[in-house]
Each structure stands twice: as structure tokens, then as C-alpha cells.
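Q: Below is the structure, and that's it, no one-letter string:
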């Protein structure tokens, strides 16, 4: 069976099936690098509309991060914003005709989720040292063994939840759009198309917000 016509249709079928998400993710990385290079040029004394909008967005995210994580969390905002760009561009690029969603592959959605998990655990250990174990023991000493198991499962479920939520939403949207375009190929799918743009941005925001919440929990003292 021939694979669908995309910008990667020149690949052999086996390579397309196995590595299409890798090629699309490479394009996403190139786009992010280009955005980073463009932001270096936004240093004019009289900023244009693009610079004002971009600075407003970044300023809002920094303020949100400080409100969730406290002042200590500001230094982690570049990582969080980078994750946000990774997710939103991966979600939206598949809406362009001829392109695919790299986030339709769980390897791609698991990568940022695992990075977030490792980062906030590192922050917790770095901030509290050995006392970080108290986050897993709960406030009542007799129930500490039980709470440790519950908290451990809860923490391990976080990267799985981030992975599956992003993968499931993007895959579901793609299936619905494909069905609508097959049934009614013109006007009816347009509202769903714009809804997919909105939810793609929203998923990125939720991913960043959950990352802030996890880091905030790692920074605060255990009770």
C-alpha cells in the first residue's frame, strides 16, 4: 500500500513508516532555531508590532511562571518556553497541507515529558538535598510507607499522562479532520480546522503550566 502524499513521500515506504516523525521533528527544530535567531534582531530602539507582540507574550509567560513557581522559578522559564515552542509548532505544522504532526508519534510526545520529569526531580534534589524524600512520605509518620508508594506511582504517572494527553489529542484531531475532509471536503471541516489550531496552542499552554506546577512542588518545602 502506498503511503499518502506528503513532503516526505520521496522516502521508501519502510523509512516513511518508521522515521517520518523524526524528519518532521527535524523541521520543527529548524523552525525553532530560526525563531531564536530572529529574536536576536528584535533589539531596535523603536520596536515594531512583531517585537511588541513577542515581548508581550514572553513577559506574560514570565509573570505567570513567577506567580506559579515564585521568584526562584524564573530561571527555569527559558526551558519551559522552549518546551512550549516545541509542542505548539509540532501541533500546528501538521495542519499545513503536505506536512505531518510529529506529535502523532508517542516517542515525540514522551521526549519533552521525560525531560520535564527529570528536570523537576533534579530541582527538588538540588534544592532540598536528602530532605527531598519528605515530599514522598506525607505529613503523618505512621503512614509514610504507604504514602511513599502512592507518591512514587503519582510521580511516575506524570510523564505518562503528559505523553498520552498530547498524543491522544493530536491523533484524535487528525482522525476527525481526515473523516470530515473525506465526507465533506470544503466548508464543513473549516470550523474543525480552526478549532485544531486553538487546541494545538492550548495544549502547549497546558504543557507549560503543568511543568510550572511540577517545578513549584519540587521547590516548596515538604509539610
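A: Noted; the coordinates are in hand. Note that the coordinates shown come from a computational prediction; the quantities given were computed from them, not determined experimentally.
Q: Nearest to the middle of this structure, which residue? Look it up for me.
A: residue 87 (3.9 Å; Cα atoms, centre = their mean).
Q: From residue 206, how far out is it?
A: Taking Cβ to Cβ, to the nearest Å as the measure, residue 87 falls 9 Å from residue 206. C-beta: built from backbone N, CA, C; applies to glycine.
Q: same thing with residue 190?
A: 25 Å.
Q: Among those two, which residue is more densely surrounded?
A: Taking neighbours as other Cβ atoms under 10 Å, residue 190 and residue 206 compare with residue 206 leading, 17 against 11.
Q: Identify the residues contacting stretch 94-109?
A: 5-8, 20-22, 24-25, 27-28, 87, 90-91, 93, 162-164, 166-167, 170-171, 174, 193, 196-197, 200 (Cβ atoms under 8 Å, 6 or more residues apart in numbering).
Q: and if you look at stretch 68-78?
A: 61-62, 65-66, 119, 123, 209, 212-213, 215-216, 219.
Q: For this protein, which element, helix or strand, carries the lowest mean pLDDT?
A: Using mean pLDDT, DSSP states H and E, helix 13-39 stands out as the lowest-scoring helix or strand of the chain, at a mean of 78.
Q: Run the angle between the helix or strand that comes right after that helix and helix 13-39 for me.
A: Proceeding C-terminally, helix 13-39 gives way to helix 49-69 as the next helix or strand, assigned by DSSP states H and E. Relative orientation of helix 49-69 versus helix 13-39 (axes from the mean of the first three to the mean of the last three Cα atoms, to 10 degrees): 100 degrees.
Q: List the buried residues in helix 49-69.
A: 54, 61-62, 64-65, 68-69 (16 or more other Cβ atoms under 10 Å).
Q: likewise stretch 170-181?
A: Neighbour-count burial for stretch 170-181 [16+ other Cβ under 10 Å]: 170-171, 173-174, 177, 180.
Q: ok, now stretch 87-102?
A: 87-95, 100-102.
Q: okay, the residues you listed in TSV with secondary structure, distance to residue 154 and pLDDT next?
A: Below are the buried residues of stretch 87-102 laid out as TSV (DSSP: H, G, I helix; E, B strand; the rest coil; distance: Cβ to Cβ, whole Å; pLDDT from 0 to 100):
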residue	secondary structure	distance to residue 154	pLDDT
87	helix	23	93
88	helix	27	93
89	helix	30	93
90	helix	27	91
91	helix	27	90
92	helix	31	90
93	helix	33	89
94	coil	32	84
95	coil	34	82
100	coil	34	82
101	coil	29	84
102	helix	28	87
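Q: what sits against the spatially closest residue to residue 160 that is not a sequence neighbour?
A: Nearest non-adjacent residue to residue 160, counting by Cβ to Cβ, 6 or more residues apart in numbering: residue 113, 7.6 Å away. By Cβ under 8 Å, 6+ apart, the contact list for residue 113 reads 158-160, 162-163, 166.
Q: rerun that using 6 Å as the cut-off
A: By Cβ atoms under 6 Å, 6 or more residues apart in numbering, the contact set of residue 113 is 159, 162-163.
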